[in-house]
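> quick one, what's the 3D model for this:
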Amino acid sequence: MPYRNLVPAPRSVTPQPGGDGRDFVLGPASVLVAGPGTEDTARWLRATVSPATGWPLPPGGEHGSTQGGADGGTGGGALVLSTDEAVAARLGPEGYELRASAGSLRITGGAPAGVFWGAQTLRQLLGPAAFRRAGTARDGMGRRIPAVHIEDGPRFAWRGHLLDVARHFTPKDGVLRTLDLLAAHKLNVLHLHLTDDQGWRVEIRHRPRLTEVGGTRARTRVGHGGRVPGTQPLWDERAHGGWYSQEDLREIVAYAADRHITVVPEIDVPGHSQAAIAAYPELGNTDAVDTARTAVWTDWGVSSDILAPGEHVLRFYEGVLEELLEIFPSRFIHLGGDECPKDQWRASPSARARMRELGLSTDEPDSPRGAGRGRAAPECALQAWFVQHFDHWLAARGRRLIGWDEILEGGPDLTTGAAVSSWRGRAGGVAAARAGHDVVMCPEDQVYLDHRQDGGATEPVPLGYVRTLRDVYHFEPVPGELAGTPQERHVLGAQANMWTECTENQQRVDYQTFPRLTAFAEAVWSSLPAPARRGAHFADFERRMTDEHYARLEAMGVAFRPPGGPRPWQRRPGIVGRPLDGPGEEPSDGPEEEPPGAGEGAAGGPEAVPGG
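Prediction:
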């Protein structure tokens, strides 16, 4: 039964009694009835399902009446889309009900987003062929969906994915494709990492050199050869570059909005800024280093070139953000704030003067203020001052800053609206939530998709920790220290991050991302038990992947990692990675919670499907 293979697992699936005569048949004569607020989903269905099936889905009557009637073969049923406040009260605004029966299939959402997620479920019920861009079926018959009642809704409001387009640029069409893949997995946030030491990817019209100079680097290190003891460097001597025009980004934002996905842009400050300094040398610490010689970085790691803490730099980035806010309507704007080496500030007379002006240092400029007394070193406090300036600047314009967990260091002056991306494990998220800040959990040792998927020798460019499909499925966004406390409400959700230092093209990004992003999607959407009791759920997830979801990914052209390991052409022999050991074993499965429907007496009887 197709409803046994839904990913992510819905809250409940209840087959309805009766034989084939009660099934819904979608076919050439079917109509589409779109209630108020569901027009975007109707357009999406006609743009996606219609080409894959060849069925036009013309508008139908207000009450779901069919044109031509259901004949049990070619299909004449009605798809009926609507919203209902009662569904919102029970399942949330992104929740939905799907009821399939003879003559009609009704998707009722708590809000328009819920209708759209219900349409993703409908597409899965139609089979893998519905994920192709053109029809391949030759029989002309309708698609039969057994009579069923599905209730569903997400566990978390922030179900995100970070795509790093700074290290290796992803052309616009690749970003649009990424949005389609997120939508297919009911993920609703795309975090675009737009700037870094290795490239600046967003057009700023009043600062054209950011892309003219910062958008291209002279060459690229391949893997980590030369950075790992005993290895030789390997370089791709071609220039690497690319950026998005403002119209490109508006198109991406609109395309995402049609799929109920929010695009959160990231402009990294004050570290990870070498590309910006290469374009405008006055942004750097000119009294500590010769910034006129700075070029867009060709290496990996963390550059020592950081922004100067001067008023001219603040004004420069305020101008950048003014243009950014016109493009991105997202409530959150990500400003990085991570991995900022302070050596240049320590060496810079103007940076030291700024510290003294702000009361951050003693008369001995080399002595950390309050050293040994639990107070932040002045350079750390200066970084906090830098980030907090933009926190308040954004808040005054009705937006909210979000940054990596380093923004908690150096001072307590973040606005209450500032949020934290907790990447260095869970401690930053716990501290932020206890301080009253919202949190997005994305711990490196759990959901960084650039990390290797297996410890075997054939894994391409092995980076970081081994994090298998099972590991990602067992990811729990709510830290144990917050579970069941009032601070748990500050955990907005989680995101899986795809950094692209060693993924130079779409095929490599696909390999690192899938199928682990599918497991992540279930971890943040479905109501799973604690990780130690997910063994049966993971076994069922693997079955659903094998029975149908791998075929869906193939139909969408995704070059995912096969369960048995990389295909020969997915390997990268001779390219040095940077593997890490640890940081612990995957959760051991304790007493199991069976997936709903696995035992007798489950809703819907023996046909009920695991619902998370």
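> and stretch 199-214, how far out from the chain's middle?
The chain centroid and the centroid of stretch 199-214 are separated by 25 Å under C-alpha atoms, centre = their mean, to the nearest Å.
> over to stretch 180-194?
Computed by C-alpha atoms, centre = their mean, the chain-centroid distance of stretch 180-194 equals 5 Å.
> mind listing what's buried along that stretch?
181-194 (16 or more other C-beta atoms under 10 Å). Every residue, glycine included, has its C-beta placed from N, CA and C.
> assumed residue 173 was part of a helix.
Yes: the assignment for residue 173, made by DSSP: H, G, I helix; E, B strand; the rest coil, places it in a helix.
> check it and give its pLDDT.
Residue 173 is assigned 98 on the pLDDT scale.
> got it, and residue 241?
Listed pLDDT for residue 241 reads 98.
> and it, how many neighbours does it have?
A total of 16 residues lie near residue 241 under the criterion other C-beta atoms under 10 Å.
> do you know how far it is from residue 203?
13 Å (C-beta to C-beta, to the nearest Å).
> just the closest of the buried residues of stretch 180-194 to residue 529, please.
Of all those, residue 186 has the smallest distance to residue 529: 19.6 Å, by C-beta to C-beta.
> using the three-state scheme, assign the closest one.
Three-state assignment for residue 186 (three-state DSSP): coil.
> element containing residue 276, please.
Element membership for residue 276, per DSSP states H and E: helix 274-279.
> next one: residue 32
Using DSSP H and E, residue 32 falls within strand 31-34.
> restricting to C-alpha, output the next helix-or-strand element following that strand in PDB.
Note on strand 31-34: by DSSP H and E, the next helix or strand toward the C-terminus is helix 39-53. The C-alpha coordinates for helix 39-53 follow below in PDB (Å, rounded to 0.1, in the frame of the first residue of the first chain):
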ATOM      1  CA  GLU A  39      -4.000  28.800  -4.900                       C
ATOM      2  CA  ASP A  40      -0.200  28.400  -4.600                       C
ATOM      3  CA  THR A  41      -0.600  24.700  -3.900                       C
ATOM      4  CA  ALA A  42      -3.000  24.400  -6.900                       C
ATOM      5  CA  ARG A  43      -0.400  26.000  -9.100                       C
ATOM      6  CA  TRP A  44       2.300  23.800  -7.800                       C
ATOM      7  CA  LEU A  45       0.200  20.600  -8.400                       C
ATOM      8  CA  ARG A  46      -0.500  21.700 -12.000                       C
ATOM      9  CA  ALA A  47       3.200  22.600 -12.600                       C
ATOM     10  CA  THR A  48       4.500  19.400 -11.000                       C
ATOM     11  CA  VAL A  49       2.000  16.500 -10.900                       C
ATOM     12  CA  SER A  50       0.400  17.400 -14.200                       C
ATOM     13  CA  PRO A  51       3.600  17.100 -16.400                       C
ATOM     14  CA  ALA A  52       4.500  13.900 -14.600                       C
ATOM     15  CA  THR A  53       1.100  12.300 -15.200                       C
END
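> residues near the nearest residue to residue 545 once chain neighbours are set aside, how many?
Spatial nearest neighbour of residue 545, chain neighbours left out: residue 515 (6.3 Å); criterion: C-beta to C-beta, 6 or more residues apart in numbering. Residue 515 has 24 neighbours, counted by other C-beta under 10 Å.
> with residue 424 instead?
15.
> what is the burial count for the residue nearest to it when sequence neighbours are not counted?
Counting by C-beta to C-beta, 6+ apart, residue 424 lies nearest to residue 405, which is 5.7 Å off, once chain neighbours are set aside. The tally of other residues near residue 405 (other C-beta under 10 Å) stands at 24.
> quick check: pLDDT value at residue 405.
You'll see residue 405 listed with a pLDDT of 96.
> so in that sheet, which strands flank the helix or strand that contains residue 14, and in what orientation?
Residue 14 belongs to strand 12-15 when assigned by DSSP H and E. Next to strand 12-15 in the sheet, as set by DSSP bridges, lie strand 148-152 (antiparallel).
> which residues touch the residue positioned nearest the centre of the chain?
Nearest residue to the geometric centre of the chain (C-alpha atoms, centre = their mean): residue 161, 0.8 Å. Counting by C-beta atoms under 8 Å, 6 or more residues apart in numbering, residue 161 makes contact with 178, 182, 187, 189, 190, 191, 495, 496, 497, 498, 517.
> quick check: phi and psi at it.
Note on residue 161: its backbone torsions stand at phi -140, psi 130 [degrees, to the nearest 10].
> from residue 88, how far off is it?
To residue 88, residue 161 is 25 Å away according to C-beta to C-beta.
> residue 519 now?
Going from residue 519 to residue 88 by C-beta to C-beta gives 28 Å.
> neighbour count winner among those two?
Between residue 519 and residue 88, residue 519 has the larger neighbour count (other C-beta under 10 Å), namely 26 against 18.
> what's the first helix or strand after the helix or strand the more buried one falls within?
Element membership for residue 519 (DSSP H and E) is helix 516-525. Next along the chain after helix 516-525, taking DSSP H and E as the criterion, comes helix 535-544.
> show residues contacting the helix or strand just after that following helix.
Remark: after helix 535-544, the chain's next helix or strand is helix 550-555, criterion DSSP H and E. Contacts with helix 550-555, where a contact means C-beta under 8 Å, 6+ apart, come from 124, 128, 129, 131, 132, 184, 514, 515, 518, 560.
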